[in-house]
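> predicted model and sequence below, questions to follow.
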Amino acid sequence: MSVKDKVIAIIAEQAVLEPSDVTLESTLEDLGIDSLGLVESIFAIEEAFDISVPFNANEPTESDFDISSVASIIKGIEALVSEQA
Amino acid sequence: MKRVVITGAGTINALGHNVQDTWAAMKEGKSGIGALEMRDVERLAIQIGGQVKGFEPDELFNRQQIALYDRFTQFALVAARQAVAQSGLTFSGEMAAKCGVVLGTSGGGMQTLDENYRTVYEDGKNRVHPFVVPKLMNNAATSHVSMEFNLKGPSFTVATACASSNHAMSQAFQLVRSGMAPVMVTGGSESMLCFGGVKAWEGLRVMSKDGCRPFSANRNGMVQGEGAGIFVFEEYEHAKARGADILAEVAGFAMSSDASDIVMPSKQGAARAIQGALADGQINPEEVGYINAHGTGTAANDKTECAAVSTVFGKHSNNLMISSTKSMHGHLIGGTGAVELLACIMALREGVIAPTINYQEPDPECALDVVPNEAREAKVDVVLSNAFAFGGLNAVLALRAV
């Protein structure tokens, strides 16, 4: 499974949706994921890829990690995974 | 209904090992937050906290006692000794039978849990010390305070996360006000600065790596502290009759539940608790000169709390002062309201308002007088202490100068 498909699967599970319902343009808000859901998704992503995501719930827009859409999250995770490799 | 006054106070926290040192630090705007010292600290993403330093339990307790006292119990006893000594009270006979202890804590014996989980899980040992259970239980501190001072009346522990101390003191207030007990020892204690305690908070991603900056636009989370604050709540006529030095009157309190979210605070829930405390104490909103804020330094709390204060006080919210002393001593979780009550007593007794330190950038969503960075001299007659816990459980106390 590619990084993209794996991230989408994690987000879909959190949103209680089918992966096919999660588009790259979707925002977490569109998908009904609240702040707790976001923190839980990030934890699941960290566990799945064995990476550490720099995210502080107090300043979501200030960290290097962009959560504005599914596409931006995937991009961020791909970068972290390749850094680690 | 009886009037209730405070006739003793004690504390140990990152700012000082007694009330005088804590007040001195608050007046100077000193920070008690620094690098955490504990085993495996290098495995933590968050490595700062308001740790109690220079504490030597061996000088305060004997070997048998130490075997039974978790650090949160030790803190409670140290603070209770100061508070009871200041009150000048001793408890015997019928008086002892009526007076009790109500303390708040969130985690109870977290150090004991942490050490013993390590023993069985990490070290693979199959045997733990026989006193693990009586040491870690949430009511251990209450019970040991009860034993040390012969307090045989209503005694229990309250656990409502970050509002534990305020809920506990509210219960003690009720017991004295209703005439059930002439004196109650109350407050709270916490010692969650252990590897597992900090690691659990890290997971929620609401902790700051670099400092606690309540109400400042560049705030980025909370910083944990540890310690205890303990008070003697006494029926007014009882205190007057024996010529006790009265520190302040407990004028009112209220509790509310948001009934909405397990972590996100609610403006309505907070406002109802503040409003309720004013109504309970028959306090005119214009009388309130200072509020010790819950002020955790998280994005969510500080703006919600300011909105709640503005809602309740309207135009007067521009005249009152509101500060978060968590900027100095950190967030003591279940013990925090008790240590923060000291800032309220300092405002009433000494005419000094403790500052919100580390204030760097104004936040339009927190546009109140947060007493930035420097303590201020001011005469105030009525003060409030806010506590808004995870789980949406709120408790607000009102104190009045006597």
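Okay, I see it.
> let me know the average pLDDT across whichever helix or strand residue B:167 is part of.
Element membership of residue B:167, judged by DSSP states H and E, is helix B:164-177. Averaging pLDDT along helix B:164-177 yields 98.
> need the contact list for residue 66.
Going with chain A. Residue A:66 sits next to A:72, A:73, A:75, A:76 when contact means Cβ atoms under 8 Å, 6 or more residues apart in numbering or on different chains. Yep, even glycine has a C-beta here, placed from its N, CA and C like the rest.
> should've been chain B
Here residue B:66 is in contact with B:57, B:58 (Cβ under 8 Å, 6+ apart).
> what's the helix or strand for it?
Going by DSSP H and E, residue B:66 is in helix B:63-68.
> following that helix, which helix or strand comes up?
helix B:71-87.
> neighbours around the closest residue in space to residue B:168 that isn't next to it in sequence, how many?
Excluding its sequence neighbours, the residue lying closest to residue B:168 (Cβ to Cβ, 6 or more residues apart in numbering or on different chains) is residue B:104, at 3.6 Å. If you count neighbours by other Cβ atoms under 10 Å in any protein chain shown, residue B:104 ends up with 38.
> got it, and residue B:152?
Residue B:152: 19 neighbours (other Cβ under 10 Å).
> surely it touches residue B:146?
Yes - if you go by Cβ atoms under 8 Å, residue B:152 and residue B:146 touch, sitting 7.3 Å apart.
> shared neighbours of those two, anything?
By the contact definition Cβ under 8 Å, 6+ apart, residue B:152 and residue B:146 are jointly contacted by residue B:100.
> quick one: name the residues of the stretch 251-400 of chain B near chain A.
Proximity of the stretch 251-400 of chain B to chain A is confined to B:262, B:263, B:264, B:298, B:299, B:300 under the rule Cβ under 8 Å from any Cβ of the partner chain.
> which of those sit farthest apart?
B:262 and B:299 (17.1 Å; Cβ to Cβ).
> the two: who's more crowded?
Using other Cβ under 10 Å, the more surrounded residue of residue B:262 and residue B:299 is residue B:299, with 21 against 9.
> circling back: now for the contacts of residue A:66: which two are most distant?
The most distant members of the contacts of residue A:66, if one measures by Cβ to Cβ, are A:73 and A:75, lying 7.2 Å apart.
> so those two - more neighbours on which side?
Just comparing residue A:73 and residue A:75: by other Cβ under 10 Å the higher neighbour count belongs to residue A:73, 27 against 17.
> which residues touch the closest residue to that one other than its chain neighbours?
In space, residue A:73 comes closest to residue A:67 once its chain neighbours are excluded; the distance is 5.7 Å by Cβ to Cβ, 6+ apart. Shown in contact with residue A:67 (Cβ under 8 Å, 6+ apart): A:28, A:38, A:55, A:60, A:73, A:76.
> switch the cut-off to 7 Å
Residues near residue A:67 by Cβ atoms under 7 Å, 6 or more residues apart in numbering or on different chains: A:28, A:38, A:60, A:73.
> same question for residue B:34.
residue B:48.
> what parts of chain A come near chain B?
A:35, A:36, A:39, A:55, A:56, A:57, A:58, A:59 (Cβ under 7 Å from any Cβ of the partner chain).
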